[in-house]
Every structure is written in structure tokens, then in C-alpha cells.
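K.L.:
I would like the atomic coordinates for the input below:
(one chain, ligands or ions: 2)
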Amino acid sequence: MRSSLLKSTSELLRRSRGYSSSANPERKVAILGAAGGIGQPLSLLMKLNPLVSSLSLYDIAGTVGVAADVSHINTPALVKGFMGDDQLGEALEGSDVVIIPAGVPRKPGMTRDDLFNINAGIVKALSTAIAKHCPNALVNMISNPVNSTVPIAAEVFKKAGTYDEKKLFGVTTLDVVRAKTFYAGKAGVPVTDVNVPVVGGHAGITILPLFSQATPPSNSLSQEEIVALTKRTQDGGTEVVEAKAGKGSATLSMAYAGAVFADACLKGLNGVPDIVECSFVQSTVTELPFFASKIA
Ligand SMILES: NC(=O)c1ccc[n+]([C@@H]2O[C@H](COP(=O)([O-])OP(=O)(O)OC[C@H]3O[C@@H](n4cnc5c(N)ncnc54)[C@H](O)[C@@H]3O)[C@@H](O)[C@H]2O)c1
Ligand SMILES: O=C(O)C[C@H](O)C(=O)O
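P.N.:
Numbering: from 1, shown residues only. Ligands and ions are numbered 1, 2, ... in the order given. As a prediction, this is how the structure comes out:
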């Protein structure tokens with residue numbers, strides 16, 4: 001009796017947060033680059049997500065320890081670690097969502113484009129494996145330069161005959177997270193109430209936070225302050241790269257942003273209505289083939 005009461009109370013709590021165990025199908029999430037600076041905290045956050053039933057942690061090295069560590073957390077997701085080319089197929093098989101933070105990060109003085117030569121090859125190889133082993137998965141691309149890695153993945157999927165423009169997302173959520181934080185601080189509004197769409201791309205001046213559409217609106221911000229907020233959002237990545245002084249780029253805030261975006265994907269797959277996020281996707285909003293905007 002007591003256990004069934006506890007069970008139904010916990011189900012009620014889950015429902016009130018938008019989750020329902022009985023309605024939610026089994027979902028497998030794979031993280032490629034799971035032992036890295038983003039990969040590890042992202043693995044933790046996805047292990048905490050009640051919509052995940054199976055969590056597949058893949059990297060070229062280091063996943064045995066990360067998977068053992070994360071697997072001890074008492075949440076339902078079953079965790080498995082995979083390493084090296086031989087295990088990539090098994091890591092991906094049956095995945096509903098694949099998150100890709102694999103690749104090298106910036107050091108001070110570099111632009112995201114300086115990462116292209118190394119990361120393009122990594123993303124091409126991983127996308128080829130996704131096309132083979134889980135062609136229907138939603139792909140969340142974190143690896144930089146996002147403005148290029150997303151089109152690369154699209155080309156790989158087209159070549160494999162598996163491309164679905166609605167399933168490939170460049171993760172620009174960190175730009176939104178930053179815009180919300182910086183706006184709330186300046187406008188003096190509670191950060192949890194704030195929303196700011198960010199469109200364009202994910203590099204320097206291609207990051208376009210639309211503070212004119214921010215909610216709650218602020219009448220107190222001057223034009224100068226909005227220009228400064230825009231510049232800080234555009235330079236947010238560089239601010240962290242310089243602060244880390246050679247030890248990489250944003251990892252913790254990115255893991256948070258990646259977990260928010262992946263959660264939106266899982267909710268979308270589960271039929272939860274009105275899920276809206278900004279993402280860098282194939283687009284007809286401008287003449288550019290890919291553009292970040294609000295997607296539902
Ligand atoms: N989209 C964004 O907003 C955003 C934000 C922050 C960082 N990033 C990008 O994310 C990437 C990762 O950053 P990080 O700080 O985690 O770097 P990191 O070096 O700490 O981790 C990268 C991980 O990728 C792994 N890796 C390399 N090649 C691989 C392959 N072929 N298959 C699987 N794993 C592989 C490495 O072993 C490493 O564990 C960088 O390109 C960085 O620029 C993007
Ligand atoms: O700035 C970087 O190199 C990493 C990432 O794109 C970010 O915005 O933090």
C-alpha cells in the first residue's frame with residue numbers, strides 16, 4: 001500500500017514536470033566524445049534525464065572510467081562505455097539522439113575556423129557511422145566550427161541517402177543561455193523568466209541575439225547597452241577561451257546547454273507539444289542554406 005502510494009506520488013511529480021514514465025518510450029542517447037571536457041559533464045546531465053533509458057558513451061579513449069563513474073548514479077538510464085573504431089557501430093546502434101562534442105577546442109588567439117582541418121575529418125567519420133548504424137537519429141552537433149560541421153554532416157548523410165533536414169541540428173543553445181544571463185543581469189529581471197532568441201550562426205558576428213524580442217521586455221536598456229550586450233554574447237566563447245588561458249573552451253556551460261537542447265529533442269520525439277529552441281539548421285529564412293532560428 002505504502003509502496004504503491006509512493007509510486008503514484010512519484011508518478012504525479014514526474015507528470016507535473018512534464019514527464020510520464022508510462023507514456024514515455026525507451027530512448028537511447030549516444031554521446032560521441034563523451035570523455036572530453038564537454039562530454040563528461042554532459043554524460044552526467046543526460047544520466048539525470050528521466051527520458052533517457054539507455055546512455056551510450058563513446059570516445060577514442062577514456063570511456064571505461066567515465067561510464068563506470070556515471071553508471072553508479074541511481075537514475076534509470078543504463079550506461080555503457082564504448083571505445084575506438086571497432087565499438088562505434090555498437091555505440092550508435094538504435095540511438096534516438098546522437099550528441100557530438102568530439103573534436104579539438106580553441107586556444108587563445110584562435111578562431112573557430114582554425115579548428116576546421118581537424119574537426120571536419122572527425123565529424124565526417126562520425127557522421128558516416130551514424131548514417132550506417134542509426135540513420136533515423138536526431139543529430140545534435142556541438143563540434144566547432146558549427147557553421148561548417150553541420151553542412152559537412154548534411155553532405156555525408158546526402159551521400160549515404162539518409163539525409164533528413166529535420167533531424168540535423170547545430171547546437172547554438174549556449175548563445176541563447178549567454179544572452180539570457182547577460183540580459184537578465186543588465187535589465188534587472190529574474191534570469192529564470194528570461195527568453196532571448198538568437199539567430200544566424202555560431203561564430204563571432206554571425207551570432208545575432210535579438211534583444212528587441214527578449215521577454216520580459218525592458219524599457220530601461222539604452223541602445224548603447226543593447227550594443228554592449230550583443231557584443232558580449234558574440235564574444236562569449238572567446239571570453240571563456242581567454243579566461244581558461246590555454247586549457248580549452250566552454251565545457252560546463254556547454255554541457256548544460258547541450259543537455260537543454262537534447263532534452264528538447266527527447267520531448268519532441270515523445271510528442272510533447274510547444275517545444276521551441278533556436279538551432280542552426282537547413283533553412284529558407286534567408287538566402288543562406290543553413291541559418292539558426294527558432295524551430296519547433
Ligand atoms: N557548439 C558550441 O556552442 C560549443 C561550445 C563549446 C565547445 N564546442 C566545441 O566542442 C568540441 C569539444 O570541446 P571539448 O572542450 O569537449 O574538447 P575536449 O578536447 O576536452 O574533448 C573532445 C573529446 O573528443 C574526443 N574525440 C576526438 N576525436 C574523436 C573521434 N573521432 N571520435 C570520438 N571522440 C573523439 C577526444 O578524445 C576528447 O575526449 C570543440 O570542437 C569545441 O570547439 C562547441
Ligand atoms: O568559443 C569556442 O571556441 C567554444 C564555443 O563555440 C563557445 O561558444 O563557447
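K.L.:
which non-adjacent residue is nearest the residue nearest the centre of the chain?
P.N.:
Most central residue of the chain, judged by C-alpha distance to the mean C-alpha position with CA atoms, centre = their mean, is residue 258 at 2.7 Å. Closest residue to residue 258 apart from its sequence neighbours, by CB to CB, 6 or more residues apart in numbering: residue 42 at 5.0 Å. C-beta coordinates here come from the backbone N, C-alpha and C atoms, glycine included.
K.L.:
again, but for residue 174
P.N.:
Of all residues beyond its chain neighbours, the one nearest residue 174 is residue 257 (4.0 Å), with distances taken as CB to CB, 6+ apart.
K.L.:
how about the strands in the stretch 51-200 of the chain?
P.N.:
Under the criterion DSSP state E, counting those that start in this stretch, the stretch 51-200 of the chain carries strands at the ranges 54-59, 78-83, 97-100, 138-141, 168-170, 198-200.
K.L.:
which non-adjacent residue is nearest residue 44?
P.N.:
Among residues not flanking residue 44 along the chain, residue 70 sits closest, at 6.0 Å (CB to CB, 6+ apart).
K.L.:
wait, residue 66
P.N.:
Counting by CB to CB, 6+ apart, residue 35 is the residue found nearest to residue 66 once chain neighbours are left out, at 5.1 Å.
K.L.:
mind checking pLDDT for the closest residue to residue 215 other than its chain neighbours?
P.N.:
The spatial neighbour of residue 215 that comes closest, neighbours along the chain excluded (CB to CB, 6+ apart), is residue 195 at 4.9 Å. The predicted local confidence for residue 195 comes out at a pLDDT of 96.
K.L.:
does residue 195 touch residue 183 like I think?
P.N.:
No. If you go by CB atoms under 8 Å, residue 195 and residue 183 don't touch, sitting 9.3 Å apart.
K.L.:
common neighbours of the two, please.
P.N.:
Any residue near both residue 195 and residue 183 by CB atoms under 8 Å, 6 or more residues apart in numbering counts here, and that gives residue 214.
K.L.:
let's see the pLDDT reported for residue 25.
P.N.:
Per-residue pLDDT puts residue 25 at 89.
K.L.:
OK, contacts around it?
P.N.:
When the contact criterion is CB under 8 Å, 6+ apart, the partners of residue 25 are residue 270.
K.L.:
any idea whether it is helix, strand or coil?
P.N.:
Here residue 25 takes the coil state, with states given by DSSP: H, G, I helix; E, B strand; the rest coil.
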